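Student: I would like the atomic coordinates for the input below:
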Amino acid sequence: MATLSIEPLTKQAFAPFGDVVETEGAIPLSINQGYASRFNELANIDVAAEGGQVNISWFVASVRPAPVAIRLMERHPLGSQLFMPLNGVDWLVVVCMDPRNAASYRAFAATGHQGVNYARNCWHHPLLVRKEASPFLVVDRKGEGNNLEEYWLDETMQLDLMPDHRSGA
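Tutor: Reported below is the predicted structural model:
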């Protein structure tokens with residue numbers, strides 16, 4: 001069984017899989033008579049396929065035991081899926097180009113101030129958190145059509161993810 005290494009989440013490294021949602025490097029627009037800042041165009045929400053609509057929801061995730069067993073990957077063929085942590089706690093992101101190709105897997109350490117927007121058809125692992133009862137704002141697709149495809153890894157492909165809580169990775 002292979003162990004997947006974890007790298008910092010950056011816009012450049014994550015670009016093949018979607019958007020990193022953060023205000024770092026974004027230019028704010030002053031609004032509300034100067035009492036608020038607005039950061040526009042942080043992610044490409046892509047949900048209109050087959051008449052889909054935007055769905056905004058709230059997830060509360062539990063911590064998985066370490067090492068995290070990477071046994072399932074999923075993707076959404078009809079729309080993107082955005083996750084934004086609401087508790088400021090670091091979390092983990094696992095993606096791949098092809099779930100049958102171990103070399104295509106990447107793991108990222110996201111800060112509690114970074115979200116991700118998985119592009120349509122991006123293979124990703126379900127939500128991985130580091131703190132129990134972690135809340136996330138989720139923006140994805142609702143509507144007709146099958147917008148979930150799952151791939152279960154066979155025994156030869158199974159990966160473990162060993163978060164290092166000391167280093168934050």
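Student: residues contacting the residue most central in space within the chain?
Tutor: Central residue of the chain (Cα atoms, centre = their mean): Val116, 4.4 Å from the mean position. Residues near Val116 by Cβ atoms under 8 Å, 6 or more residues apart in numbering: Leu9, Phe14, Phe17, Gly18, Asp19, Val20, Val21, Leu82, Phe83, Val93, Ala110. C-beta here means a position set from N, CA and C on the backbone, and glycine is covered the same way.
Student: tell me the secondary structure for it?
Tutor: Following DSSP: H, G, I helix; E, B strand; the rest coil, Val116 is assigned to strand.
Student: thought Asp140 was touching Glu74?
Tutor: No - the pair Asp140 / Glu74 is not scored as a contact, 11.9 Å apart, by Cβ atoms under 8 Å.
Student: So the two - more neighbours on which side?
Tutor: Higher neighbour count among Asp140 and Glu74: Asp140, with 22 against 17, using other Cβ atoms under 10 Å.
Student: The more buried one: what's it in contact with?
Tutor: Applying Cβ under 8 Å, 6+ apart, the residues near Asp140 are Val47, Val54, Asn55, Ser57, His76, Gly79, Ser80, Gln81, Leu82.
Student: what do you get for Leu82?
Tutor: Contacts of Leu82 (Cβ under 8 Å, 6+ apart): Asp19, Val21, Ala43, Ile45, Gly115, Val116, Asn117, Tyr118, Leu137, Val138, Val139, Asp140.
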